[in-house]
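>>> Predicted structure and sequence below. I'll ask about it afterward.
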Amino acid sequence: MPNDHRPILLANARLVDPSRDLDARGDLLIAGGVIRDTRKGLAAAGVPDGTEIVDCAGMVVAPGLIDMRAFVGEPGAGHRETFASASQAAAAGGITTIICQPDTSPAIDNSATVDFVRRRARDNAIVNIHPMAALTKGMEGREMTEFGLLLAAGAVAFTDGDRSVMDAQMMRRALTYARDFGALIVHHTEDPNLAGEGVMNEGEFATRLGLVGAPAAAEAVVLERDMRLVALTGGRYHAASVTCRDSLEILRRAREAGLAVSASASINHLTLNENDIGPYRTFLKVSPPLRTEDDRRALVEALASGLIDVAMSDHNPQDVETKRLPFSEAAAGAIGLETMLPAGLRLVHSGGIDFGTLIRAMSTRPAELLGLPGGTLRAGAAADVIVIDPDMPWVLDPTELKSQSKNTPFDEARFSGRVMRTIVSGHTVFQLT
């Protein structure tokens, strides 16, 4: 972390704080690593000597983003992404906290590996990094991990990454066990047998491209099963990545029944559809696959209504050797740490959601679900804060990305809105020059 301990006054800003339903003009004072005050006229009232005063006229000041689903290669796949490179990319994208996934080598399925991740991140990252631990040992879906020990070591939730637990009895036990610890189960809902060899969304477009499709039903059948298991156990459940209209209807019924369920959608599925694959663009091969435009619009409406709680990057770096292949053979996955917010701002500019809803989904709600500090601009909170120019036009140049891999679906995309400054615990870790 940088050693500049000077207080910072972000003056004349539009303060967006969903934790207080606040969207108003004002100033924000940071000192000693925490937010000291947020109100109008702080500059006139006097600030500590040596304070850096930043005129944020025309800018939005918001809580730092919390990315609830990102793959970081350590341990075992540092060639794809390291804690250092991931944190640099995150800071450039306004993300002050990364929730890393357990599908590493070895998997994060014991307290020693959780401790390794936390220490490695502490020593090498410039943003906060917290691990989700594996739901089952080796992420093989057969035997539960030691939830109590993993929570004590610092795990924030439990997931088998991009693998679904297909044994219903295993999932029932996990939900029951997690309930006793108040822990959150995060599940990737896709029946691998039904998805089969599918490499994109099943439908007319896949047929025209001559590619094998994976039906949306592969997601819905697992989610429907899981909702019944949540009703049976009373556990806390989070759908890791919903992508289709059918899943939204299942979630709606579960919410109406009073179940403790929540859900994420990736920024890819919120802003792109299957047609963007175009001439076999492998950087748009993701899992679950991009769906139809009708599905995408339904996801945005669900995000606006709060049915979808979280928008996340689903950051999944892949090296060039695994992406520069025929579409059916290429690895699935796209990077997203640096583009999550700019892509999300497309939804704001198009009128699909308002600014507060976007920040709630990318910051406040993840903090609430995971029991983490952050997601707020309240006085006394850790000073994880971002400054955004909501209208700055720019074109993404993949060579300028800080991620170690460059497999972005937004290659040469035009954006309006960019992070100008990222502050973690009162220290500026990124500033656009």
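Done, it's in. Just so it is clear, the structure is predicted and the values come from calculations on it, not from any experiment.
>>> By average pLDDT, which secondary structure element in the protein comes out worst?
helix 42-45 (a mean of 80; mean pLDDT, DSSP states H and E).
>>> by contact count, what packs against it?
Here helix 42-45 touches strand 8-17, strand 22-31, going by 3 or more C-beta pairs under 8 Å, 6 or more residues apart in numbering; DSSP states H and E. Just so you know, the C-beta spots here come from the backbone N, C-alpha and C atoms, and that holds for glycine as well.
>>> now, of those strands, which is deepest in the fold?
strand 8-17 (a mean of 22; mean count of other C-beta atoms under 10 Å).
>>> Note down every partner strand of it and its orientation.
strand 22-31 (antiparallel), strand 52-55 (parallel), strand 60-63 (parallel) (DSSP bridges).
>>> thinking Ile66 is in contact with Ile99, fair?
Yes. Here Ile66 reaches Ile99: they are 7.1 Å apart, a contact under C-beta atoms under 8 Å.
>>> Who has more neighbours out of these two?
Taking other C-beta atoms under 10 Å, Ile66 and Ile99 do not tie; Ile66 has more neighbours (29 against 23).
>>> Next, that one: secondary structure please.
Using DSSP: H, G, I helix; E, B strand; the rest coil, the secondary structure recorded for Ile66 is strand.
>>> Tell me how many other residues crowd Pro279.
6.
>>> For it, report the pLDDT, please.
At Pro279, the pLDDT value in this model is 89.
>>> Next up, phi/psi of the nearest residue to Pro288 once chain neighbours are set aside, please.
Closest residue to Pro288 apart from its sequence neighbours, by C-beta to C-beta, 6 or more residues apart in numbering: Thr243 at 4.7 Å. With angles defined as degrees, to the nearest 10, Thr243 sits at phi -140, psi -10.
>>> right, and Thr243 touches Thr292 too?
No. Thr243 is beyond contact range of Thr292, at 9.9 Å (criterion: C-beta under 8 Å).
>>> who has more neighbours, those two?
Ranked by neighbour count (other C-beta under 10 Å), Thr243 and Thr292 place Thr243 first, with 30 against 19.
>>> where does that one land on pLDDT?
98.
>>> Equivalent analysis for Met1, please.
Listed pLDDT for Met1 reads 45.
>>> One more: Thr428?
In this model, Thr428 carries a pLDDT of 97.
>>> How about the contacts made by the closest residue to Glu197 other than its chain neighbours?
Nearest non-adjacent residue to Glu197, counting by C-beta to C-beta, 6+ apart: Val212, 5.0 Å away. Taking C-beta atoms under 8 Å, 6 or more residues apart in numbering, we find Val212 in contact with 196-199, 206, 328.
>>> Give me the distance between Ser164 and Ile53.
51 Å (C-beta to C-beta, to the nearest Å).
>>> Who has more neighbours out of these two?
Ser164 (23 against 16).
>>> Nearest to the middle of this structure, which residue? Look it up for me.
Geometric centre of the chain, nearest residue: Met312, 2.6 Å, by C-alpha atoms, centre = their mean.
>>> tell me which residues form a beta bridge with it?
Taking DSSP bridges, one finds Ser266 as the beta-bridge partners of Met312.
>>> begin at 55 from here
All right, first residue 55 from here; so that's Met366.
>>> I'd say it and Leu119 touch.
No. With contact defined as C-beta under 8 Å, Met366 does not count as touching Leu119 (9.5 Å).
>>> what's the overlap in contacts for those two?
What both Met366 and Leu119 touch, as defined by C-beta under 8 Å, 6+ apart, is the set 394, 416.
>>> Identify the contacts common to Ile120 and Ile153.
Joint contacts of Ile120 and Ile153 (C-beta under 8 Å, 6+ apart) are 420, 424.
>>> can you give me the helices for the stretch 255-404 of the chain?
With DSSP state H, counting those that start in this stretch as the criterion, the stretch 255-404 of the chain has helices at 258-263, 271-287, 299-310, 321-325, 347-359, 374-377, 394-403.
>>> Looking at those, which one is packed in the most?
helix 321-325 (a mean of 26).
>>> Any idea how far it is from the middle of the chain?
Here helix 321-325 is found 11 Å from its chain centre; the criterion is C-alpha atoms, centre = their mean, to the nearest Å.
>>> Please identify which of the helices and strands packed on helix 96-99 is closest to Phe201.
Comparison of the helices and strands packed on helix 96-99 against Phe201 by C-beta to C-beta identifies strand 62-71 as nearest, at 32.9 Å.
>>> who touches the closest one?
Defining contact as C-beta under 8 Å, 6+ apart, one finds that strand 62-71 is touched by 76-85, 92, 96-97, 101, 105-111, 113-117, 409-410, 413, 430-432, 437, 439, 441, 477, 480, 482.
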